[in-house]
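Q: Sequence unavailable; structure follows:
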Ligand code: ADP
């Protein structure tokens, strides 16, 4: 099964969030179930630099006249074959792949990411005579125009299937209609039955409308996005496509997230031998200037600081967390107001709260390894990876019951403790009172060390690997190709 994966980001080369983790892990996981996977990526500097002995596959002219070189070779850090679009005028920009230094989206993002979809459709129609995909799998709005371009290809001898995965419906890739006519799509595509969305061009809608099959990253989110509350205006379309919409829960890349073999944490540990976790906690407390206290419950946040993540609820219960003897460590970047609010709280209580504004992959590992609880109180969460990293590292997740959080975390209620299914703390209503009660449950369990250990061990043993998801994707590809 030849599969072309199309995405804007890929870990470890370029990452702004969970999309990159998935794009980086899926090729290997699919290869392990027998797929022949290649990836198509924009030519951002770290991606081009990782391409081993690249050759030129083609020089192409985009529909709006842009000249580009399509290079191919093996990505050294992922050991996967890649096609990379070398178009420096579009991609050779430092910093975020999507925004300028003032955090404004680049004004030519429509072209930058339309090109990704356009090149994908060229590969689907046989641009590489030596390798033509049976399935093109596009991820998120950046790659979504793939589905529209493919829908308007001339009939092919062997039909190529198009799968589109929504990692976050809230980021849609909306552009003014005047941009549409330069992208080389037929006028018919700019319609309600197409990619038009309230007078604008929506890349997300192109994916949802034209893909042969839509997946999203958890079963619960697949249901939620068909409701007006979480459908971001696209729930109607998603309801009409309900038979072609599947939720496949993401996995954890255990080559990267494994406390027994993690080179950046203070000491290795595993469920059967958790002693190293205490070392990690003491080391982090020491390094951050927190009181070095083994029995102070340490809470962690590793997150984009955006409204979605529900972190204002944490600010609302922070006094209570401290009053109960807890500590908090935060790593995140995003909204200036949230950055400031957390920084102020850290300045006021430096022995109990440590906040680092920024992005730091190694430090994220150290936080999961050191903390007792990972806080993920998101308003909505398509899948969420940090609660899964928390589980793997024995940092029990405390989450809002929504999306992938609801699919992966079971509350420490008495009955779930008795039934040996509990692995964290879950609150139902998205408000600070409900979070505060979940916090109280976390402190109550922490006061029972033997019980805590049992739950922690269960969390660390949970099967979160990619093989399950890869098997589901493969079954889907096979169904679409027959
Ligand atoms: P989202 O994709 O909405 O940001 P996910 O939980 O799916 O949320 O994935 C977030 C990913 O980004 C995880 O790998 C998490 O560890 C990482 N991450 C988020 N913020 C930071 C940060 N400030 N520094 C390092 N890693 C971060």
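A: Received, thanks. Keep in mind that what you see is a predicted model, and the values were worked out from it rather than measured.
Q: which one is whichever residue of the chain sits closest to the ligand nearest to, not counting chain neighbours?
A: With CB to the nearest ligand atom, the shortest gap between the chain and the ligand falls at residue 18, namely 2.3 Å. The C-beta positions use only the backbone N, C-alpha and C, and glycine is treated the same way. Leaving aside its sequence neighbours, residue 18 sits nearest to residue 385 (CB to CB, 6 or more residues apart in numbering; 4.7 Å).
Q: Please look at the one you found and residue 21 and confirm they touch.
A: Yes. If you go by CB atoms under 8 Å, residue 385 and residue 21 touch, sitting 5.7 Å apart.
Q: Now the common contact residues for those two.
A: residue 250 (CB atoms under 8 Å, 6 or more residues apart in numbering).
Q: what's near enough to touch the residue of the chain closest to the ligand?
A: So residue 18 contacts 167, 217, 250, 382-385 (CB under 8 Å, 6+ apart).
Q: Make a markdown table out of these and add secondary structure, pLDDT and neighbour count.
A: Converted to a markdown table, the contacts of residue 18 look like this (DSSP: H, G, I helix; E, B strand; the rest coil; pLDDT from 0 to 100; neighbours: other CB atoms under 10 Å):
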| residue | secondary structure | pLDDT | neighbour count |
| --- | --- | --- | --- |
| 167 | coil | 98 | 23 |
| 217 | coil | 98 | 27 |
| 250 | coil | 97 | 24 |
| 382 | coil | 98 | 29 |
| 383 | coil | 98 | 27 |
| 384 | coil | 97 | 30 |
| 385 | coil | 96 | 25 |
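Q: Please list which of those are also close to the ligand.
A: Among the contacts of residue 18, the ones lying near the ligand by CB under 6 Å from any ligand atom are 383-385.
Q: in the stretch 151-300 of the chain, which spans are helices?
A: Remark: helices assigned in the stretch 151-300 of the chain by DSSP state H, counting those that start in this stretch are 203-210, 219-224, 235-240, 275-288.
Q: Next: the stretch 301-450 of the chain.
A: With helices called from DSSP H, counting those that start in this stretch, the stretch 301-450 of the chain shows them at 311-323, 336-348, 361-370, 386-392, 403-408, 414-418, 432-446, 449-461.
Q: got the buried residues for the second one?
A: Yep, that's helix 336-348 we're talking about. 338-339, 341-342, 345-346 (16 or more other CB atoms under 10 Å).
Q: circling back: with distance to the ligand and mean pLDDT added, can I get the helices of the stretch 301-450 of the chain in JSON lines?
A: Converted to JSON lines, the helices of the stretch 301-450 of the chain look like this (distance: least, CB to the nearest ligand atom, whole Å; pLDDT from 0 to 100):
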{"stretch": "helix 311-323", "distance to the ligand": "12", "mean pLDDT": "98"}
{"stretch": "helix 336-348", "distance to the ligand": "11", "mean pLDDT": "98"}
{"stretch": "helix 361-370", "distance to the ligand": "4", "mean pLDDT": "98"}
{"stretch": "helix 386-392", "distance to the ligand": "4", "mean pLDDT": "98"}
{"stretch": "helix 403-408", "distance to the ligand": "8", "mean pLDDT": "98"}
{"stretch": "helix 414-418", "distance to the ligand": "23", "mean pLDDT": "94"}
{"stretch": "helix 432-446", "distance to the ligand": "18", "mean pLDDT": "98"}
{"stretch": "helix 449-461", "distance to the ligand": "16", "mean pLDDT": "97"}
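Q: Tell me the residues on the stretch 201-350 of the chain that lie near the ligand, please.
A: Neighbours of the ligand within the stretch 201-350 of the chain, by CB under 6 Å from any ligand atom: 302-304, 331-333.
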